[in-house]
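[1] Whatever this is, show me its structure:
(one chain, ligands or ions: 2)
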Amino acid sequence: MSKYLAFDNETALDYIKSLGLFFSEDAQLSCYEFGDGNLNLVFRVIDQANNSIILKQALPYARCVGESWPLTLDRARIEAHVLQRHGAVCPDHTAKVLHHDSELAATVLEDLGDMAILRNELIAGRNFDNLGYDVANYLAITSFYHSDFYLDPQNKKALAQTFTNPELCAITEDLFFDDPYRECERNNFPAALTEQVLQLRQNAALLCVVARLKAKFLSSPQTLLHGDVHTGSIFISSEKTKLIDPEFGFFGPIGFDLGSFIGNLLLNYCAQNGRVKEAPKRRDLHSYLLNTISTCLQQFEQQWHTLAQQHGRDLALKAPGYIELFLQEVLQDAMGYCGTELVRRTIGLAHVADIAEIEDQSQRLLVQKQSLQLGEQLILNAKSCRTTDDFYQLIISFVH
Ligand code: SR1
Ligand code: MG
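    Ligands and ions are numbered 1, 2, ... in the order given. From the prediction side, this is the model:
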């Protein structure tokens with residue numbers, strides 16, 4: 001019989017005490033739930049000296065929808081194990097797992113409460129110089145060390161099996177590549193956007209690229225992805241950047257995570273047009289976001305290239321010119337996935353607070369029109385780019 005039971009504040013506290021791992025026996029502990037994500041419970045347990053840990057537990061359904069959307073508890077195992085594997089190669093940018101119990105779908109994590117969620121910071125117009133560089137390093141290091149360039153093929157296949165994540169992948173497959181491009185009751189957009197949405201759905205060239213991106217997502221086990229690199233999955237401070245929440249992790253195309261991240265920066269870019277009235281302030285925020293994207297693209301490519309040259313173990317894959325060719329395709333994929341992130345966050349089920357919380361309805365509509373159009377253009381033009389500068393120029397040409 002399964003021992004799973006969803007925690008409340010009291011039982012979460014009892015569980016942490018019963019582990020006897022984190023606090024002294026006579027510690028005066030308190031506990032509260034503060035999760036605001038789409039799927040899980042998140043508790044903070046804290047002692048009288050302000051030492052704290054986080055207890056995260058998966059519910060057997062998607063929290064944002066309720067029990068009518070059942071969801072596997074196995075996502076907690078996937079999340080803890082992705083964090084452990086990514087943490088082993090990139091500890092600086094991965095939240096630390098302190099304990100995991102697969103039956104309870106519960107994970108104890110370091111408390112990153114001294115840092116802030118990147119999405120909220122960007123919405124508030126705050127900047128972090130380290131962001132593009134740090135995320136690029138996290139993505140390059142974790143993806144390289146789980147790729148065919150580094151792992152022995154048999155180990156990699158065995159590992160890919162343990163990270164098979166069909167239910168969570170199905171959510172991404174539906175929300176990224178299907179729902180927005182057809183009539184579906186999960187979609188969510190204002191009536192005033194209908195004409196633009198219908199045009200998008202009639203664009204045969206665009207649908208063909210989306211099909212290619214979906215096919216690649218379905219069957220290209222290039223690396224162990226985080227699977228959900230939006231700005232709500234990143235804790236940031238002026239000194240540190242840490243990734244959390246890889247429950248959508250699986251072996252998939254390397255460009256997916258990079259594209260999701262850049263997509264979320266661009267969603268914030270569009271949102272600032274509806275949020276910030278003062279032109280100079282808006283210009284500063286825009287140029288910060290574009291610089292961050294440029295740094296991220298360049299550092300990702302450079303870091304990956306260096307790792308592949310210096311630590312790549314598959315000799316055939318080190319044939320002259322192949323690393324460059326491989327990275328070019330990864331970046332083309334990334335730009336395509338970036339476009340699908342913009343589209344699905346504008347007209348699909350799961351929106352971003354950057355845009356959804358713009359109070360003025362007409363401003364919000366203008367922003368939604370821009371993010372949808374930008375997404376469409378990035379999908380259509382990604383394959384025409386060769387260098388990181390081409391990708392950057394492509395973005396600039398549609399945001400200016
Ligand atoms: C029902 S889950 C909706 C979205 O939230 C997650 O963070 C993923 O981005 C997913 O697509
Ligand atoms: Mg999440």
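[2] and the residue of this structure nearest ligand 2?
    Nearest to ligand 2 in the chain, going by C-beta to the ion, is D245, at a distance of 3.8 Å. C-betas here are computed from N, CA, C, even on glycine.
[3] Which secondary structure element is home to that residue?
    Counting by DSSP states H and E, no helix or strand carries D245.
[4] Go ahead and confirm it touches I234.
    No. Assessed by C-beta atoms under 8 Å, D245 is found out of contact with I234, at 9.1 Å.
[5] Between those two, point out the one with more neighbours.
    The neighbour comparison of D245 against I234 (other C-beta atoms under 10 Å) goes to I234, with 27 against 24.
[6] Provide the partner residues of the more buried one in its beta bridges.
    Under DSSP bridges, the beta-bridge partners of I234 are L243.
[7] tell me the contacts of it?
    117-119, 135, 241-244 (C-beta atoms under 8 Å, 6 or more residues apart in numbering).
[8] Now tabulate these in JSON lines and tack on neighbour count.
    JSON lines is the format used below for the contacts of I234 (neighbours: other C-beta atoms under 10 Å):
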{"residue": "I117", "neighbour count": "17"}
{"residue": "L118", "neighbour count": "24"}
{"residue": "R119", "neighbour count": "20"}
{"residue": "V135", "neighbour count": "28"}
{"residue": "T241", "neighbour count": "21"}
{"residue": "K242", "neighbour count": "22"}
{"residue": "L243", "neighbour count": "26"}
{"residue": "I244", "neighbour count": "23"}
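[9] hang on, the earlier thing: can you report how many residues neighbour the closest residue to the residue of the chain closest to ligand 2 other than its chain neighbours?
    The shortest distance from D245 to any non-neighbouring residue, by C-beta to C-beta, 6 or more residues apart in numbering, is to S233 (4.5 Å). Around S233 there are 25 other residues, counting by other C-beta under 10 Å.
[10] Write out the residues of the stretch 1-150 of the chain neighbouring ligand 2.
    With C-beta under 5 Å from the ion as the criterion, the stretch 1-150 of the chain meets ligand 2 at residues G37.
[11] the strands in the chain, which residues?
    30-33, 40-46, 52-58, 61-62, 66-70, 97-101, 106-110, 116-117, 223-224, 234-236, 241-243, 251-252 (DSSP state E).
[12] could you dump those strands to TSV with distance to Y392?
    As requested, the strands of the chain are arranged in TSV below (distance: least, C-beta to C-beta, whole Å):
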stretch	distance to Y392
strand 30-33	42
strand 40-46	36
strand 52-58	36
strand 61-62	36
strand 66-70	38
strand 97-101	35
strand 106-110	35
strand 116-117	26
strand 223-224	23
strand 234-236	21
strand 241-243	21
strand 251-252	24
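[13] Of the contacts of I234, which is the nearest to Q373?
    R119 (22.2 Å; C-beta to C-beta).
[14] C64: what's it in contact with?
    With the criterion set at C-beta under 8 Å, 6+ apart, C64 makes contact with 37-39.
[15] Give me the buried subset of the residues you listed.
    37, 39 (16 or more other C-beta atoms under 10 Å).
[16] So which of the contacts of C64 is the closest to ligand 1?
    N38 (4.0 Å; C-beta to the nearest ligand atom).
[17] these two touch, right, the closest one and R63?
    Yes. With contacts counted by C-beta under 8 Å, N38 reaches R63, the gap being 6.3 Å.
[18] quick one on the thing from earlier: most tightly surrounded among the strands of the chain?
    strand 223-224 (a mean of 26; mean count of other C-beta atoms under 10 Å).
[19] Residues contacting that strand, please?
    By C-beta under 8 Å, 6+ apart, the list of residues contacting strand 223-224 reads 82, 85-86, 142-144, 146-147, 159-160, 163, 249-252, 254.
[20] Ok, stretch 34-53 next?
    Contacts of stretch 34-53 (C-beta under 8 Å, 6+ apart): 6-7, 9, 12-13, 16, 22-23, 27-33, 54-59, 62-64, 71, 75-76, 98, 108-111, 113, 232, 245, 247, 350.
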